[in-house]
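Enquirer: build me a model from this:
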Amino acid sequence: MAAPDPAELPKVIDLASREAASYLESIADRNVRGPRAEELAASFRGDLPEDGVGAERALEELVAGFDGAVHSAGPRFFHFVNGGTTPAALGADWLASALDQNTGAWVSSPLGGELERIALGWLRDLFGLPTGWGGVLTTGATMANFVALACARRWCGLRQGVDVDDVGLAGLPPIHAFGSGYVHPSDVKALGMLGIGRAQVHKLARDSIGRLDVEALEAALAALNGAPSIVIGSAGEVNAGDFDPIATMADLAQRYGAWFHVDGAFGLFAALSDRTKHLVEGIERADSVIADGHKWLNVPYDCGFAFVRDPLLQPSVFGAGAAYLPALDDPKPNWGYLGPEMSRRCRAFAVWATLRAYGRSGHRAIVEQSLDLAQRLAATVDGADDLERLADVPLNIVCFRAHPPGVPEDRLDELNRRIADAVIEDGRVFFGSTSYDGKVAFRPAPVNWRNRPEDMDLIAQVVQELAAELAPAITA
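Expert: As a prediction, this is how the structure comes out:
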């Protein structure tokens, strides 16, 4: 029988450190997905053992299966706008596991609690948000949207004399949410979880791409005759990186008494560069703003952050007292009362460490490197006779497709679907397909501090090679 033994810790930590270092040294040259990924992943199946194999053996088995993973921390993974992990963030995350802090209550981790408070303050400064706002670290943008929109729900209820967190939504008329065609599925998901309902999301687009119809938004808000509602602005659309007109939406929300929420999962980082900060002009006028940490901040999965203008809303929504828990009016921040999770990993270690290590200028450099790399790929696409760019590149996403000479328009979608599948199987780079303006397209997005010019060149090369291989069957 194998049981945990403190004496095995030095060997286990040494093994984990050596294997992690070896992996990270090779990650830039690895295929993002290996040909045996599914097979290796399936090799772990089996019944629960009666007697364990011991810590070293268990870790060795994990290491042997590394190629069952997608190597998304490396420089050639461009799907889902995923970032990497800076050295400081990685080291801090390891320390967070070693200390194993529960940051739900201040008393259980003054260090973790204080670092979260500091990190959120630094992030507000980084993004140009007012200092008095509330905030909380979350698992990612989905739960950050949940936090922000839960506060919006409470605000809407109080405007009509109903405390929805005590008595529920039954006494309220429907709460309407408005946005462009860019509204992200995680916003819709959060509104569904909150009982507001997915059907209450009204996408007011003026074209097939999804750009906001400003006149339709104003008309919809005016028709409510002052009833509270939610306006959702998108700072960074997922297919081409476009932005809603944040300042205009802020004007309308203020004029008609709506809560203005901005989803800036990755696009909020446009605020870091003089080249792109105009895209988020007016962000400080929102009632809530969210972003991911595991995208452009380059901290480990999982991490997000929510910011709320009125800091008193969060404890009113998420406070849940009991005799054994801290008092609800405790002057210290009890983060379990400011978000949905009472038990919380210390995500602040990684956030604080990367901001402390590299500062504003270091993270600005990561953003501007990504901007440069996206423009490099866009220029390559524009210069090729077998590739077609489908959208402008305001930030870091290059939306394009293969368009070899001789392939008719009505066969291009099928060709690009097959290329997308082949890219994953090929493994040299990793990105997926989408639909943009009715066309099947690719949307690689550099946000990883490890991304290099040659990685961007490889994207175009792989698509061109696969298009040349697959096009004859499409046109036969």
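
Enquirer: residue ranges of the strands in the stretch 201-350 of the chain, please?
Expert: Along the stretch 201-350 of the chain, the segments classed as strands by DSSP state E, counting those that start in this stretch run 201-203, 230-234, 259-263, 288-292, 304-308.

Enquirer: can you say which of the ones you listed is nearest to F269?
Expert: strand 288-292 (7.2 Å; Cβ to Cβ). Yep, even glycine has a C-beta here, placed from its N, CA and C like the rest.

Enquirer: export the strands of the stretch 201-350 of the chain to a markdown table and tack on distance to P472?
Expert: Shown next, in a markdown table, are those (distance: least, Cβ to Cβ, whole Å):
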| stretch | distance to P472 |
| --- | --- |
| strand 201-203 | 40 |
| strand 230-234 | 40 |
| strand 259-263 | 43 |
| strand 288-292 | 41 |
| strand 304-308 | 45 |
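
Enquirer: deepest of those, which one?
Expert: Among the strands of the stretch 201-350 of the chain, strand 288-292 has the highest mean neighbour count (mean count of other Cβ atoms under 10 Å), at a mean of 30.

Enquirer: contacts for that one?
Expert: Applying Cβ atoms under 8 Å, 6 or more residues apart in numbering, the contact partners of strand 288-292 are 127, 129, 140-141, 144-145, 147-149, 151-152, 259-266, 268-269, 283, 297, 303-309.

Enquirer: how about a cut-off of 7 Å?
Expert: 129, 140-141, 144-145, 148, 151-152, 261-266, 268, 283, 304-309 (Cβ atoms under 7 Å, 6 or more residues apart in numbering).

Enquirer: again with stretch 270-286
Expert: Contact with stretch 270-286 is made by 126-130, 235, 243, 246-247, 250, 260-262, 264, 267-268, 289, 363-364, 367-368, 371, 394-395, as judged by Cβ under 7 Å, 6+ apart.

Enquirer: pull out the buried residues from these.
Expert: Listed as buried from the contacts of stretch 270-286 are 126-127, 129, 235, 243, 246, 250, 260-262, 264, 267-268, 289, 363-364, 367, 371, 394-395; burial here means 16 or more other Cβ atoms under 10 Å.

Enquirer: now the longest helix belonging to the chain: buried residues?
Expert: Counting residues, the longest helix found in the chain (DSSP state H) is helix 348-382. Going by neighbour count (16+ other Cβ under 10 Å), the buried part of helix 348-382 is 348-355, 358, 363-364, 366-367, 369-371, 373-374, 376-378, 380-381.

Enquirer: so in terms of bridging, what pairs with the residue nearest the centre of the chain?
Expert: Residue closest to the average C-alpha location in the chain (Cα atoms, centre = their mean): D292, at 4.1 Å. With DSSP bridges as the criterion, D292 is bridged to G304.

Enquirer: let me know the pLDDT of it.
Expert: Among the per-residue scores, D292 holds a pLDDT of 99.

Enquirer: distance check, it against F266.
Expert: 6 Å (Cβ to Cβ, to the nearest Å).

Enquirer: over to D437?
Expert: 21 Å.

Enquirer: of the two, who's got more company?
Expert: Just comparing D437 and F266: by other Cβ atoms under 10 Å the higher neighbour count belongs to F266, 29 against 14.

Enquirer: next up, the contacts around the more buried one.
Expert: Going by Cβ under 7 Å, 6+ apart, F266 touches V81, G236, D292, K295, W296, V447.

Enquirer: now it. Nearest residue, chain neighbours left out?
Expert: Excluding its sequence neighbours, the residue lying closest to F266 (Cβ to Cβ, 6 or more residues apart in numbering) is K295, at 4.4 Å.

Enquirer: got the phi and psi for the one you found?
Expert: Torsion angles at K295 (phi, psi; degrees, to the nearest 10) stand at phi -100, psi -100.

Enquirer: doesn't F80 make contact with it?
Expert: No - taking contacts as Cβ atoms under 7 Å, K295 lies outside contact range of F80: 8.8 Å.

Enquirer: more crowded one of those two?
Expert: The residue with more neighbours, out of K295 and F80, is K295; 27 against 15, by other Cβ under 10 Å.

Enquirer: tell me the contacts of that one?
Expert: V81, N82, G83, A265, F266, V447.

Enquirer: of these, which is the nearest to A41?
Expert: Using Cβ to Cβ, these come closest to A41 at N82, 18.8 Å.

Enquirer: tell me, how many residues neighbour that closest one?
Expert: Using other Cβ under 10 Å, N82 is surrounded by 20 other residues.

Enquirer: which SS state does it fall under?
Expert: Under DSSP: H, G, I helix; E, B strand; the rest coil, the three-state class of N82 is coil.

Enquirer: repeat that for E61.
Expert: From three-state DSSP, the assignment for E61 is helix.

Enquirer: residues near it, how many?
Expert: For E61, using other Cβ under 10 Å, the count is 12.

Enquirer: quick one: contacts for it?
Expert: Counting by Cβ under 7 Å, 6+ apart, E61 has no contacts.

Enquirer: now swap in A152 and tell me
Expert: Taking Cβ under 7 Å, 6+ apart, we find A152 in contact with I230, W259, H261, D287, S288.

Enquirer: pretty sure it is in a helix, no?
Expert: Yes - counting by three-state DSSP, A152 is found in a helix.

Enquirer: could you report the separation of it from W259?
Expert: Taking Cβ to Cβ, one finds A152 at 4 Å from W259.

Enquirer: same question, E215
Expert: Distance of E215 to W259, computed by Cβ to Cβ: 21 Å.

Enquirer: same deal with G84?
Expert: On the measure of Cβ to Cβ, G84 and W259 end up 34 Å apart.

Enquirer: do the same with F305
Expert: Taken as Cβ to Cβ, the span from F305 to W259 is 19 Å.

Enquirer: what's the answer for A223, then?
Expert: For A223 relative to W259 (Cβ to Cβ), the value is 17 Å.

Enquirer: again with A357
Expert: 36 Å.

Enquirer: what's the answer for G54, then?
Expert: G54 sits 54 Å away from W259, going by Cβ to Cβ.

Enquirer: report how many residues lie close to S26.
Expert: 12.

Enquirer: mind listing the helices for this protein?
Expert: 9-26, 37-42, 55-64, 87-99, 110-127, 141-159, 164-167, 185-193, 214-223, 246-256, 313-318, 348-382, 409-426, 453-475.

Enquirer: which of those helices is buried the deepest?
Expert: Among those, the stretch with the highest mean neighbour count (mean count of other Cβ under 10 Å) is helix 141-159, at a mean of 25.

Enquirer: tell me what angle it forms with helix 185-193.
Expert: If you take axes from the mean of the first three to the mean of the last three Cα atoms, to 10 degrees, helix 141-159 sits at 50 degrees to helix 185-193.

Enquirer: run the angle between helix 141-159 and strand 259-263 for me.
Expert: Using the same axes, to 10 degrees: helix 141-159 against strand 259-263 is 180 degrees.

Enquirer: quick one: average pLDDT of helix 141-159?
Expert: 99.

Enquirer: so how far is that helix from its chain's centroid?
Expert: Helix 141-159 sits 18 Å away from the centroid of its parent chain (Cα atoms, centre = their mean, to the nearest Å).

Enquirer: now stretch 410-427
Expert: 25 Å.

Enquirer: so what touches that stretch?
Expert: Outside stretch 410-427, the residues that reach it (Cβ under 7 Å, 6+ apart) are 31-35, 401-403, 407, 429-433, 439-442, 462-463, 466-467, 470-471, 474-475.
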